[in-house]
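K.L.:
I need the structure of the sequence given here:
(chains A and B)
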Amino acid sequence: MNVVVCAKQIPDPAAPGELDPNTKTLKREGKLILDDSDAYGVEMGLQLADKAGGGEVTLVSMAPHDEVSGLRTALAMGAAKAILISDDALQGSDSLATAKVLAAAIKRAEPDLVLTATESTDGYTGLLPAQLAELLGWPSITFAKHIEVTDGKAKVQRQTEEGYDEVEAPLPAIVSVTAGVVEPRYPSFKGIMAAKNKPVDQVTVADLGLSADDVGWKGARQEITDVVPAEERKAGEIVEDEGDAHERIVQFLEQLKVI
Amino acid sequence: MRFAFAPEQLEFRDAARNLLEKECPPSAVRDAWANETGRVPGLWDRIVEMGLFDLGDVDSILVLEETGRACVPEPVVEAWALRRTDATLAMHGTPYALYADSVDVVAVQRDAEFVRGTVGERTPSVDGSRRLFAVEATDEVLDIDVHVVTERAALAAAAQLVGLAQQMLDMSVAYVSQREQFGKPIGSFQAVKHHLADAALRLEFARPCVHRAAWVLENDDGLMSVQEAVSLAKAQASEAALLAARKALQVHGAIGYTVEYDLHMWMKRAWALAAAWGDAAWHRNRVKRHLLKGPMSNV
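P.N.:
Below you'll find the predicted structure:
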């Protein structure tokens, strides 16, 4: 079984992120790393391919400046190859434009199953899985906590607030995986060495048969009009005890209607 | 010739750092002080699976530093020296072996050979996660090359000491940047800066010695014997870590003396490792004898 895992390469969340004041988008210069939330998809993909007794995991990623650092991490975990779409024309792409690019790349890999995270750690739109499914015309199952593939179907336990739903869909399908459902393996030193020789197919927008007008700033259907810092939390009220503090606390709690 | 680490060697280091940040945070080291084995449940298998004990000397030296930086409470030095993951070692003249109760084989050095040891009573270490046990030599000789293994153990300890020193320095820099006195961070005062600069200087001199010794272990370059290179590394690294510990304690002030603060675990590991596998004086002496007499077979 061949699994495609969408793997986003993002600026290290441990380093404070910065916005470009002109474009109001996240600065994505410097080294990018594999989004932690995609590591679950990679692990799930590896386990499913393993269980199926054959097949491999292909990574699909869209990133600036031919960035492969994050992909190497996923390749070191055990993915077999990667398709990287890197093109200056992609700058400013919104979620839908990204979905178009990834969908075109996914088609090339002819997968049985596509895994994504529920949302990226730098963008947090959470729109991509459903957009991909729509563009590819494949079923979409979101928030998977367990996936089983049998008889050409994906049987998924779909996380809900109360527990989970059991859903199934014919393959190929797009399944988004919630964080924490599997334990992503750490790349071994052997895996790191092996990753160096694994193929990364670098393609441009034109290679995918897309027009530069459909992607990037030109293709974006959304516009970021303003970015403002989140409101700071107000300092709490300090009560100095002059013998009546208990009454003030009771008053305060009554105001909140908790007593 | 380019004397720098290859990109994949730096990737090994980063991968190890990532694993240890997640699987061996300070809270795990703290737990190891109090639990039964002194080790972190599950950590050993991960370190073994990652492949540390299958790597060459130069390939693994930065990873060993990381195990020091994270204060990993596992028999890393012993396993790396032996290149086997189920055994621990006791050096000649030291009747104690680390984690002897939670490994399969205890190898006790007896002059120029290693013999199987039996495990006796636990004895306290300054470092609560270092579980030391009295061991007694039997007559069963083990197939272990004493010369190779003792040099490797001293080098692994030196690499961990470099990592420990780096972490204590980093903790100190973070602390003095945040702790204020007279309305300013104390790190802005020159007297405090000097303490940390001294520690940084000693560390920067020690680090290349450790890297060089790993190179000499793997490649006989004909310029320096293994004994000389390892002794230089262990002497420098021991002194660098002891100084970093002292300076860290100094700039932390009273909080550095408390067991609730993490620094003490790093300091105590440094004290223990600086004395293990030959302390700075022993190794300095060996370098001295080497310089005076020329290449030695073994000292």
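
K.L.:
for chain B, give me its nearest residue in the stretch 151-259 of chain A.
P.N.:
Nearest to chain B in the stretch 151-259 of chain A, going by Cβ to the nearest Cβ, is A:Phe189, at a distance of 4.0 Å. C-betas here are computed from N, CA, C, even on glycine.

K.L.:
contacts only, for that residue.
P.N.:
Listed by Cβ atoms under 8 Å, 6 or more residues apart in numbering or on different chains, the contact set of A:Phe189 reads B:12, B:15, B:50-52, B:54-55, B:59, B:63.

K.L.:
can you give me the strands for the stretch 151-259 of chain A?
P.N.:
Using DSSP state E, counting those that start in this stretch, the strands of the stretch 151-259 of chain A run over A:153-159, A:164-170, A:173-177, A:200-203.

K.L.:
dump those strands to a markdown table, plus mean neighbour count.
P.N.:
Converted to a markdown table, the strands of the stretch 151-259 of chain A look like this (neighbours: other Cβ atoms under 10 Å in any protein chain shown):
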| stretch | mean neighbour count |
| --- | --- |
| strand A:153-159 | 19 |
| strand A:164-170 | 13 |
| strand A:173-177 | 27 |
| strand A:200-203 | 16 |
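
K.L.:
now mean pLDDT too, for these, in a markdown table please.
P.N.:
Converted to a markdown table, the strands of the stretch 151-259 of chain A look like this (pLDDT from 0 to 100):
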| stretch | mean pLDDT |
| --- | --- |
| strand A:153-159 | 94 |
| strand A:164-170 | 95 |
| strand A:173-177 | 95 |
| strand A:200-203 | 94 |
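
K.L.:
and chain B, which of its residues are near chain A?
P.N.:
B:8, B:11-12, B:15, B:18-19, B:46, B:49-52, B:54-55, B:59, B:63 (Cβ under 8 Å from any Cβ of the partner chain).

K.L.:
on that earlier part again, local confidence estimate at the residue of the stretch 151-259 of chain A closest to chain B?
P.N.:
Per-residue confidence at A:Phe189 stands at 96 (pLDDT).

K.L.:
leaving out sequence neighbours, find the closest residue to it.
P.N.:
In space, and not counting its chain neighbours, A:Phe189 is closest to B:Gly51: 4.0 Å by Cβ to Cβ, 6 or more residues apart in numbering or on different chains.

K.L.:
surely that neighbour meets A:Lys190?
P.N.:
Yes. Here B:Gly51 lies in contact with A:Lys190, judged by Cβ atoms under 8 Å, at a distance of 5.6 Å.

K.L.:
higher neighbour count, those two?
P.N.:
Between B:Gly51 and A:Lys190, B:Gly51 has the larger neighbour count (other Cβ atoms under 10 Å in any protein chain shown), namely 21 against 14.

K.L.:
show me where chain B has strands.
P.N.:
For chain B, the strands defined by DSSP state E cover B:87-90, B:96-98, B:105-110, B:113-123, B:132-142, B:180-181, B:184-185.

K.L.:
mind putting the ones you listed into a markdown table with mean pLDDT and distance to B:Ala244?
P.N.:
Listed next are the strands of chain B as a markdown table, based on pLDDT from 0 to 100; distance: least, Cβ to Cβ, whole Å:
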| stretch | mean pLDDT | distance to B:Ala244 |
| --- | --- | --- |
| strand B:87-90 | 92 | 26 |
| strand B:96-98 | 92 | 22 |
| strand B:105-110 | 92 | 29 |
| strand B:113-123 | 93 | 27 |
| strand B:132-142 | 93 | 24 |
| strand B:180-181 | 94 | 22 |
| strand B:184-185 | 96 | 20 |
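
K.L.:
could you dump these into a markdown table and include mean neighbour count?
P.N.:
Formatted as a markdown table, these follow (neighbours: other Cβ under 10 Å):
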| stretch | mean neighbour count |
| --- | --- |
| strand B:87-90 | 26 |
| strand B:96-98 | 24 |
| strand B:105-110 | 22 |
| strand B:113-123 | 16 |
| strand B:132-142 | 15 |
| strand B:180-181 | 12 |
| strand B:184-185 | 12 |
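
K.L.:
distance to B:Ala159 for those strands - can I get that in JSON lines?
P.N.:
Converted to JSON lines, the strands of chain B look like this (distance: least, Cβ to Cβ, whole Å):
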{"stretch": "strand B:87-90", "distance to B:Ala159": "16"}
{"stretch": "strand B:96-98", "distance to B:Ala159": "16"}
{"stretch": "strand B:105-110", "distance to B:Ala159": "21"}
{"stretch": "strand B:113-123", "distance to B:Ala159": "22"}
{"stretch": "strand B:132-142", "distance to B:Ala159": "21"}
{"stretch": "strand B:180-181", "distance to B:Ala159": "36"}
{"stretch": "strand B:184-185", "distance to B:Ala159": "32"}
